[in-house]
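S.K.: Next comes the sequence, and after it the predicted model I'd like to discuss.
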Amino acid sequence: MQEIKDTQRAAVRIGFDGRVHKRYKGPLAEKRYENEVRVLKYLEEKGCDFVPKLLEEHPEELYIVTTNCGHIVSRISKEKEKAVFDSLERFGVKHDDAFQRNITYSPHLGKFCVIDFEFAIILETGEGLTLKEAVEERAGNYERLKDD
């Protein structure tokens, strides 16, 4: 497997078959895992064709396997970046980590795609996890530990 990223939050690798393997770790790993699974399932139900498809989920391991959406884009205009994330909102999801690092280009699909739904909100239900909530929860946990 080819390692794509290994950070405090996740390890991502691409298998020889092209599938993407993501293992969650670090702060709020379980919540981030649950959120990404929920959002990817929702987007698939809505017929969104420019996000990864969830192929496998392993909650006990905080591990998913998805389809591959190409390579992270190295350059994209601010206008196009905004348009890509606005397109996602037409499918009912607000990406709360809406930055270039979460946009890929798939030559197979011939379009830009969006990845990494750990911090995203389903607009219809309000379900999700925002970056702000994650930061606040981490700060609260830190304060509780400090007080003990």
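M.R.: It's in.

S.K.: So which residue is dead centre in the protein?
M.R.: Residue closest to the mean C-alpha point of the chain, counted by C-alpha atoms, centre = their mean, is Asp116 at 1.7 Å.

S.K.: What pLDDT is listed against Val65?
M.R.: Val65 carries a pLDDT score of 98 in this model.

S.K.: picking up where we left off before, residues in contact with the closest residue to the residue nearest to the centre of the chain other than its chain neighbours?
M.R.: Leaving aside its sequence neighbours, Asp116 sits nearest to Asn102 (C-beta to C-beta, 6 or more residues apart in numbering; 4.6 Å). For the C-beta atoms, the positions are set from N, CA and C on the backbone; glycine is no exception. Shown in contact with Asn102 (C-beta atoms under 8 Å, 6 or more residues apart in numbering): His95, Val114, Ile115, Asp116.

S.K.: can you redo those as TSV with distance to Leu40 and pLDDT?
M.R.: Shown next, in TSV, are the contacts of Asn102 (distance: C-beta to C-beta, whole Å; pLDDT from 0 to 100):
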residue	distance to Leu40	pLDDT
His95	12	97
Val114	11	98
Ile115	10	97
Asp116	10	96
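
S.K.: Which of these sits closest to Glu61?
M.R.: For the contacts of Asn102, the minimum distance to Glu61 (C-beta to C-beta) is 18.7 Å, reached by Asp116.

S.K.: now the closest one: how far from Ala139?
M.R.: 22 Å (C-beta to C-beta, to the nearest Å).

S.K.: now swap in Ser77 and tell me
M.R.: 35 Å.

S.K.: Ok, Ser106 next?
M.R.: Distance, Ser106 to Ala139, by C-beta to C-beta: 37 Å.

S.K.: so where's this structure shaky on pLDDT?
M.R.: Within the chain, the set of residues satisfying pLDDT under 70 comprises 1, 3, 140-148.

S.K.: roughly how far out does stretch 45-55 sit from the chain middle?
M.R.: 12 Å (C-alpha atoms, centre = their mean, to the nearest Å).

S.K.: List the buried residues for that stretch?
M.R.: Across stretch 45-55, burial judged by 16 or more other C-beta atoms under 10 Å covers Cys48, Phe50, Val51, Pro52, Lys53, Leu54.
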